[in-house]
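> From the sequence below, what's the structure:
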Amino acid sequence: MQHSLLLSEYKPTSQLVVERRSLSGPKFPVVDTHTHFGPMAFGQHYQHAYQLDVAVAAFRSLGVKHVINADTIWGEPLRQLLQFLEPYQEFFTTFGSVETALLDDPQFAQITRRTMEAGKAMGMRGLKFWKDISLGQTDAQGRSIPIDDQRLHPIWEGAAELNLPVLIHIADPAAFFAPIDVHNERYEELQQHPDWSFADSRYFRFAELMEQQERLLANHPRTTFIVAHMGSYAENLGRVSQWLERYPNLYVDLAARINELGRQPYTARTFFAKHRDRILFGTDANACYQEHMVYYEFLETKNEYIPYSTAAVPNQGRWQIYGLGLDDDILRRVYYENAETLLGPLG
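As a prediction, the model looks like this:
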């Protein structure tokens, strides 16, 4: 009898016997508001990383009628990406970005405005920002940049004036800011990706990022923010609910967070019912990676103890999830109506 086993070798098979309803696709057409088809996911040679026609066909076969393709590029790279996607322009809405590394430039406000205006003229419909602003970039004095920094205000105010929604990733899961020790529920994931850890004191603490995020929402009420990954805090839907009540300019997407939502099904179901007009469907999928059927099962059924990933060992925590069984009104709003409220008819 084996008395010791590495955690990485442990792959238990559940003996639970419960009914599991299967789906062939989503109940309603889907707008995936958080995908990546360009250099953010595939690097500068993204055009050769996948076949565009095959990728679009795969998404459509999964019931997706339209996607928001988000990338942190501007200028000529943005023009090239839009040109690459042009054969399927009815399928894509693209969000671009601006060069935040220039925030200490005396002309930053003017440069930012010109960049956004040029992007919108090319066909950009919104802005995308990643966590690297506050969790990687530093200013000319070597200091970390709070996401609510006064120097960034021209971006958010310009976005409001140009009617460009802002899809922003501000913080990673709370466990990524905790020590990688026996108490960390994402231990395996952080062991595999130690560079994902922000436990080092040189980074803003998770609580600090949440305070910055709330000030950002409060300081720019005319700007529409889609705070990705369930408003940065899927582990605490009570806090996210407070933000949604307080800030009408806030939307959230559920990209890459059904692992968190599905282990709190009662709380999550109440949250979706209460905030049905402010939640966007999103997966964080790229052109070669689609797990949409897992999302549909989570949202549409009351299936119990189901995997949130097709991986042999789930990569976002060793647990299973429970379906929410949402009603049709909520499903329609989350699947496509809320996205079309922000951007007009899609697909």
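
> Hmm, residue 287 is touching residue 53, no?
No. Taking contacts as C-beta atoms under 8 Å, residue 287 lies outside contact range of residue 53: 10.8 Å. (Each C-beta comes from the backbone N, C-alpha and C, glycine too.)

> Which one's more surrounded, these two?
The neighbour comparison of residue 287 against residue 53 (other C-beta atoms under 10 Å) goes to residue 287, with 23 against 10.

> any idea how far residue 32 is from the more buried one?
Distance of residue 287 to residue 32, given as C-beta to C-beta, to the nearest Å: 12 Å.

> Can you show me the strands along the stretch 1-150 of the chain?
Assigned strands in the stretch 1-150 of the chain, in chain order: 30-36, 64-70, 92-96, 126-129 (criterion: DSSP state E, counting those that start in this stretch).

> Let's have these in JSON lines, adding mean neighbour count.
Formatted as JSON lines, those follow (neighbours: other C-beta atoms under 10 Å):
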{"stretch": "strand 30-36", "mean neighbour count": "26"}
{"stretch": "strand 64-70", "mean neighbour count": "26"}
{"stretch": "strand 92-96", "mean neighbour count": "25"}
{"stretch": "strand 126-129", "mean neighbour count": "26"}
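
> Including distance to residue 84 and mean pLDDT, could the ones you listed go into TSV?
Listed next are the strands of the stretch 1-150 of the chain as TSV, based on distance: least, C-beta to C-beta, whole Å; pLDDT from 0 to 100:
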stretch	distance to residue 84	mean pLDDT
strand 30-36	13	98
strand 64-70	10	98
strand 92-96	10	98
strand 126-129	17	98
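
> how about these, which one is nearest residue 184?
Closest approach to residue 184 among the strands of the stretch 1-150 of the chain (C-beta to C-beta): strand 30-36, 25.8 Å.

> Between strand 92-96 and that closest one, find me the angle.
Interaxial angle of strand 30-36 relative to strand 92-96 (axes from the mean of the first three to the mean of the last three C-alpha atoms, to 10 degrees): 40 degrees.

> So what are the sheet partners of strand 30-36 and their directions?
Using DSSP bridges, strand 30-36 pairs in its sheet with strand 64-70 (parallel), strand 285-286 (parallel).

> Of those, give the one that comes closest to residue 45.
Minimum separation from residue 45 across the strands paired with strand 30-36 (C-beta to C-beta) falls at strand 285-286, 14.1 Å.

> Show me the shaky parts of the stretch 51-200 of the chain.
For the stretch 51-200 of the chain, no stretch is flagged by pLDDT under 70.

> Residue 43 reaches residue 50, doesn't it?
No. Assessed by C-beta under 8 Å, residue 43 is found out of contact with residue 50, at 11.9 Å.

> Between these two, tell me which one has more neighbours.
Neighbour count, other C-beta under 10 Å: between residue 43 and residue 50, residue 50 has more, with 17 against 10.

> any chance you could map the strands in the stretch 201-347 of the chain?
225-227, 250-253, 279-280, 285-286.

> Dump the C-alpha coordinates for the second one into CSV.
In this case it means strand 250-253. Provided in CSV are the C-alpha atoms of strand 250-253 (Å, rounded to 0.1, in the frame of the first residue of the first chain):
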residue,chain,number,x,y,z
LEU,A,250,-19.8,49.9,-13.5
TYR,A,251,-20.3,46.6,-15.4
VAL,A,252,-18.6,43.3,-14.7
ASP,A,253,-17.8,40.3,-16.8
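
> Could you check how far it is from the centre of its chain?
Taking C-alpha atoms, centre = their mean, to the nearest Å, one finds strand 250-253 lying 10 Å from the centre of the chain it belongs to.

> same deal with the first one?
Distance of strand 225-227 from the chain centroid (C-alpha atoms, centre = their mean) equals 9 Å.

> hmm, back to that, and the strands of the stretch 1-150 of the chain: which comes nearest residue 277?
strand 30-36 (14.3 Å).

> Just the residues contacting the closest one, thanks.
42, 59, 62-71, 167, 226, 228, 253, 255, 280-287, 292, 335-336, 339-340, 346-347 (C-beta atoms under 8 Å, 6 or more residues apart in numbering).

> re earlier: what's the closest of the strands of the stretch 1-150 of the chain to residue 313?
Residue 313 sits nearest to strand 30-36 of all those, at 23.9 Å, using C-beta to C-beta.

> what's residue 345 sitting at in phi/psi?
Here is the backbone geometry of residue 345 (degrees, to the nearest 10): phi -60, psi 140.

> what's the helix or strand for the residue nearest to residue 109 when sequence neighbours are not counted?
Residue nearest to residue 109 in three dimensions, not counting chain neighbours: residue 154, with 3.9 Å by C-beta to C-beta, 6 or more residues apart in numbering. Residue 154 is located in helix 153-161, with elements delineated by DSSP states H and E.

> Throw the strands paired with strand 30-36 into a markdown table and include distance to residue 219, thanks.
A markdown table is the format used below for the strands paired with strand 30-36 (distance: least, C-beta to C-beta, whole Å):
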| stretch | distance to residue 219 |
| --- | --- |
| strand 64-70 | 23 |
| strand 285-286 | 32 |
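
> sorry, back to before: what would the strands of the stretch 201-347 of the chain look like in CSV with distance to residue 95?
CSV is the format used below for these (distance: least, C-beta to C-beta, whole Å):
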stretch, distance to residue 95
strand 225-227, 9
strand 250-253, 12
strand 279-280, 13
strand 285-286, 15
